[in-house]
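Chemist: pasted the sequence and its predicted model underneath.
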Amino acid sequence: MSKPGRWAWDRGATVSRKTTAGMSFFPYVEATPNIAYSNWNRRNLLNTFDNKMQSSIRYLFQDALIFKSGGDGCQTKGISTVTVFTVDKLLCPRRLSLDSKHFLASDNELKKSFHQEASEEDVLTKRRKPTLINSRKLSQECNSLSDVLDIFSKAPTFPSSNYFSAMWTVAKRMSEDQKRFEKQLMFNHPAFSQLCEQVMREAKIMYFDNLLFSLHAIVKLGIPQNTLLVQTLLRVVQERINECDEKCLSVLSTILNTMEPCKNVDVLLAGMRMLVDEQVWKIKHVFTLQTVMRSIGKDAPIGLKRKLEMKALKELDQFSVLNCQHMFAVLAAMNHRSVILLNECSKRVTSNIHGCPFKILINILQSCRDLQYINIDLFKGIADYVATTFDIWKLKKVLFLLILFENFGFRPVGLMDLFIKKAADESGFLNVKSLVCILNVYSSLNHFYKCQTHEFLEVMASALTGSLHHISSENLLNAVCSFCWMNHFPLALINQLLQKDVIEDLLTSGDVERNAHRLHVVAACLKLDDAPRHKDLDLALPRLPPAPSYPQPKVAAALSDLLGEGRFSQSVRLPHNYFIDFEIRMDNNRSQVLPFSDVDVVTATDIQRVAVLCVPKSAYCLDSTHPKGYLAMKMRHLKIMGFHVIVVNNWEVEKLQMKDAVAFLKTKIYSPKALSAADTHLQSTC
């Protein structure tokens, strides 16, 4: 018997798991089984070959047809089902050609017959080869996730990642409610598990970008991360991560941004960091760079963060306005405070602020807060833009902006004045939480607006009183404390707060220490401020730990040079848990310092007690000398307690030489009338 011939293999032909000399076959790919040559029958085959072949042998490997002619007879060995596979170009980069040297028959008629049959075979196979459908076309033809699965169940094609990508594209067009309903139908569809299995089988042979797009779609569709499908794809991506180009790197970064930490995700993240460290200088697109920076994580090596920062600075000229707007969130995601990069992006954002979406403004301020980055020009630019376009924004959006500004201690006067007017007119649209936040912002920043502040506070108190039975104890305390900071006392809210069960609830649940401190503030305000109905208030509150004292050696040394030893007291503690840095006793004209002794002379009519408060910058609103709420309340209470209050800014004293510090304190302590002509000149030049 002669050796079997070498046959041509088309992309639609049967792919055998066996190999012959000089030939290799590609990995198995799932496809739809069909009966090849199903329109032939045994009699047709006999008639066809009886006239054309007298003596020939044909072998088709692996359960193929076998014909053996012996005279006039023809024997067959059963026709079996042949699976027709659709193989992508990646798997079959070229067609194997026909080699005539291996034919057994040498006569021209046999060759002509064979070529004719091979051609007919190709035509029949191509008729049954499914048409490739890309994800874009599939998503355009389908209106639901089930439609995509129905098409898959009829004629699966390679790569199966197209189906998941198409489903995610379809899902993005739906509302949230419809999306939830469609996802449930997807999970219950009979073809869904078959699609998952096929994606897992094809994972190692499909294009790497298809693999990543399918994983991204699978994650976005809400398939649980701990499933075999997701974990298998994560493992395959780990194995093939070296195939990442810039596009794939961007997709992989997006995937990691949306996934929860687990072993496979952590390993993949570590691999991506190593890959980025090698390829960072090859990244051409700013979008890809920012996506990678966002995904490397806060715990990435500082060397990698700095390398990405340098790459971003190098590409700064290529940044669009949108790139600059997103750079804040990118740096916050990787927890890297690049002041140079932030400053440059702030300039671009401020100069192109008009038309910026409100969501972007919020994200910028949140990122600045996370990075502890303060830029006065940026904050003023955002505040002025929102104030200019105030009428187009909802009140709650502006409130969210003000809450972020309050975190920085920034007081946008114009915007807060506009908000007072609008909030007084639309208080009915605000819920309890919003009302409490408004009071906290205005009391913390100590903001008042001419004669409208009292009207504004009355509106806020009336709105909260209407919700008195629905407000929690902690919100009630926060609201009353804010009112007290602003020297306003709504009786209905205060009486409700002073109920025994409310006090017990505050002192036994939640942040007990914070609640106790705020209750002490309320008690102090009710006793010291103009609240006559509560002068005799006696709350059984736990004692607070003493306020911390921060020694000011330079101020103490300057006072010693100016006043002499024993003429001032340091770190004085007062009732209501108040603390002052230095106390000086002077005559009523503040022209002479009196000796300090153990004799109680507080009630003497010819004594003026002077409280020297050494305050940091954080006690003032940002970029101003406007005191915040607590400092303003403390100064008010000290005056009520009989003190003349002198505020010394720590950062100013630290810059001065000792001689200048003494002169500076002298102008603060003594009355202008008591100063000599030289002292007056000194005061004007300090």
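Modeler: That came through, no problem.
Chemist: pLDDT below threshold where in the stretch 501-650 of the chain?
Modeler: Applying pLDDT under 70 to the stretch 501-650 of the chain picks out residues 532-538, 597-605.
Chemist: show me where it has its strands.
Modeler: Along the stretch 501-650 of the chain, counting by DSSP state E, counting those that start in this stretch, strands occupy 569-574, 578-586, 608-615, 643-649.
Chemist: what comes into contact with the third one?
Modeler: The set of residues that contact strand 608-615 without belonging to it, under CB atoms under 8 Å, 6 or more residues apart in numbering, is 550, 552, 555, 559, 568, 572, 580-588, 590, 602, 631, 634-635, 638, 642-650, 653, 668-669. Bear in mind the C-beta positions are built from the backbone N, C-alpha and C, glycine included.
Chemist: rerun that using 7 Å as the cut-off
Modeler: Strand 608-615 is contacted by residues 552, 555, 580-588, 590, 602, 631, 638, 642-650, 669 when judged by CB atoms under 7 Å, 6 or more residues apart in numbering.
Chemist: and if you look at the second one?
Modeler: Contact with strand 578-586 is made by 547, 549, 552, 559, 568-574, 592-594, 596, 601, 607-614, 634, 637, 669, as judged by CB under 7 Å, 6+ apart.
Chemist: buried residues in it?
Modeler: 578, 580-586 (16 or more other CB atoms under 10 Å).
Chemist: distance to E309 added to those residues, as TSV?
Modeler: Converted to TSV, those look like this (distance: CB to CB, whole Å):
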residue	distance to E309
Y578	46
I580	46
D581	42
F582	46
E583	50
I584	51
R585	56
M586	56
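Chemist: any idea which of those is closest to E197?
Modeler: Taking CB to CB as the measure, E197 lies nearest Y578 of the buried residues of strand 578-586, at 72.4 Å.
Chemist: which parts of the protein are strands?
Modeler: 33-34, 57-59, 66-70, 73-75, 82-83, 569-574, 578-586, 608-615, 643-649 (DSSP state E).
Chemist: any idea how far V521 lies from S346?
Modeler: Distance, V521 to S346, using CB to CB, to the nearest Å: 37 Å.
Chemist: ok so, going back, to I340, which of the strands of the stretch 501-650 of the chain lies closest?
Modeler: Nearest of the strands of the stretch 501-650 of the chain to I340, taken as CB to CB: strand 643-649 at 29.2 Å.
Chemist: on that earlier part again, and the contacts of strand 578-586, which of them are buried?
Modeler: Neighbour-count burial within these applies to 552, 559, 568, 571-572, 593, 596, 608-614, 634, 637, 669; the criterion is 16+ other CB under 10 Å.
Chemist: can you list the weak-confidence ranges in this structure?
Modeler: In the chain (pLDDT under 70), the answer is 1-133, 451, 532-538, 597-605, 673-686.
Chemist: give me the domain ranges for it.
Modeler: By the assignment in automatic domain parsing, the chain contains the domains 33-127, 374-456, 472-545, 553-685.
Chemist: look at Q198 and say how many residues are nearby.
Modeler: A count of neighbours around Q198, defined by other CB atoms under 10 Å, yields 21.
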